[in-house]
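>>> this is a predicted model, with the sequence first.
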Amino acid sequence: MFQSLQGRTAIVTGGSRGIGRGIAETFAAAGVNVVITGRSQVDVDAAVTALADAPGKVSGVAADVTSPDDCKKVVAAAVERHGGLDIVCANAGIFPSARLEDMTPEDLEEVLGVNFKGTVYIIQAALSALADSGHGRIVVTSSITGPFTGYPGWSHYGASKAAQLGFIRTAAMELAPKNITVNAVLPGNIMTEGLVEMGQDYMDQMTASVPAGRLGTVADIGNAALFFATEEAGYVTGQSLVVDGGQILPESQAAIAEQ
Ligand code: NAP
């Protein structure tokens, strides 16, 4: 049904583990050359090794998305390695907990810096290369937390994820004349290393609140991101797609029990 993406090139920030690695795997399986990033060189190398047999070539660059210079370095590497850049997945993110009464200016700056400013920096760095491709695709990993839901300790995180959605609507307008689309995937609770670090109680609580009865997989998010990257999705821009097994739907805990 969809035209092949074989031979296209994508950057996936935070592709060294979790959802980003899942997006990288899905794209590489579709023949897309993928450049993954993360701050830890060890994790980047491990992910590149794990994805070495995919049809698309996967390589890495250790980089911090809070640094505009690092973001330029990642884009330059992708263009040099593959002759151009077609897709950017702005996925790198952190979700440390801090309740309002304890939240320091540094906590706030860190979460907004990685999740929101990091999204903007990698996209800014890629603009010229994406325009040159003639069919640029930007896919942002937001969240249901912030745009739809709340969770104690995550007021700064939720704000950063909602900020991404405010950003994509105007970015989509500015970039439409260049044939670049800008869309967002909003994951529910997805089984990643980061989620495991939240603890078993958190994961059990979340599983119980999902009508589908399971946590999401990184492939669930990879497939949604892949759709936005297709040629056929070229008329879809400024939109957000919730991928959460129905988690935001129940009006109450009893509603789940009555399913
Ligand atoms: P994860 O397992 O903790 O992975 C996070 C990735 O981002 C790692 O590759 C990490 O590598 C990278 N990263 C973190 N800070 C970075 C920085 N400053 N510069 C570059 N890379 C950085 O997290 P995840 O669960 O996959 O989450 C990925 C995205 O999905 C985030 O945007 C998150 O908000 C969103 N999300 C996740 C869930 C979920 O249930 N898991 C739900 C909704 C939304 P390094 O640490 O080595 O830098």
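Nice, I can see it. Numbers count the residues shown, from 1 in each chain.

>>> on the three-state scheme, the closest residue to Gly238 other than its chain neighbours is what?
Leaving out its chain neighbours, the residue that sits closest to Gly238 by CB to CB, 6 or more residues apart in numbering is Ala172, at 3.4 Å. C-betas here are computed from N, CA, C, even on glycine. Following DSSP: H, G, I helix; E, B strand; the rest coil, Ala172 is assigned to helix.

>>> next one: Ala172 from the ligand, what distance?
Applying CB to the nearest ligand atom, to the nearest Å, the value for Ala172 to the ligand is 19 Å.

>>> Thr119 reaches Gln164, doesn't it?
Yes - checked against CB atoms under 8 Å, the pair Thr119 and Gln164 is within contact range at 5.5 Å.

>>> between those two, what contacts are shared?
Shared contacts of Thr119 and Gln164 (CB atoms under 8 Å, 6 or more residues apart in numbering): Ala90, Val140.

>>> who has more neighbours out of those two?
Ranked by neighbour count (other CB atoms under 10 Å), Thr119 and Gln164 place Thr119 first, with 29 against 24.

>>> which helix or strand lies directly C-terminal to whichever strand or helix holds that one?
Assigned by DSSP states H and E, Thr119 belongs to helix 118-133. Using DSSP H and E, the helix or strand that follows helix 118-133 in sequence is strand 137-141.

>>> got the contact list for that following strand?
14, 19-20, 23, 86-91, 93, 119, 123, 126, 130, 164, 167-168, 171, 175, 180-185, 187, 221, 225, 228-229, 233.

>>> ok, 7 Å please
Outside strand 137-141, the residues that touch it by CB atoms under 7 Å, 6 or more residues apart in numbering are 19, 86-91, 93, 119, 123, 164, 168, 180-185, 187, 225, 228-229.

>>> what of stretch 31-46?
Contacts for stretch 31-46 (CB under 7 Å, 6+ apart): 4-17, 20, 24, 27-28, 47-48, 55-64, 74, 77-78, 81-82, 87, 92.

>>> list, one by one, the residues from the stretch 51-200 of the chain near the ligand.
64-66, 91-95, 114, 118, 141, 143, 187, 189-190, 192-195 (CB under 6 Å from any ligand atom).

>>> just the ones of the contacts of strand 137-141 in helices?
Mapping the contacts of strand 137-141 onto helices (DSSP state H) picks out Ile19, Thr119, Ile123, Gln164, Ile168, Ala225, Phe228, Ala229.

>>> phi and psi next, for the closest residue to Lys161 other than its chain neighbours.
Distances taken as CB to CB, 6+ apart place Gly146 nearest to Lys161, at 3.6 Å, with adjacent residues excluded. When read as degrees, to the nearest 10, the backbone of Gly146 gives phi 110, psi -70.

>>> tell me how far Ala184 lies from the ligand.
Ala184 is 10 Å from the ligand, by CB to the nearest ligand atom.

>>> which residues touch that residue?
Val140, Ser142, Gln164, Leu165, Ile168, Ser240.

>>> mind listing what the second one touches?
Applying CB under 7 Å, 6+ apart, we find Ser142 in contact with Lys161, Gln164, Leu165, Ala184, Val185, Leu186, Ser240.

>>> how about the fifth one: what's its closest non-neighbour residue?
Going back to what we said before, that points to Val185. In space, Val185 is closest to Ala224, 4.7 Å off (CB to CB, 6+ apart).

>>> that neighbour and Val139, how far apart?
According to CB to CB, to the nearest Å, Ala224 stands 8 Å off from Val139.
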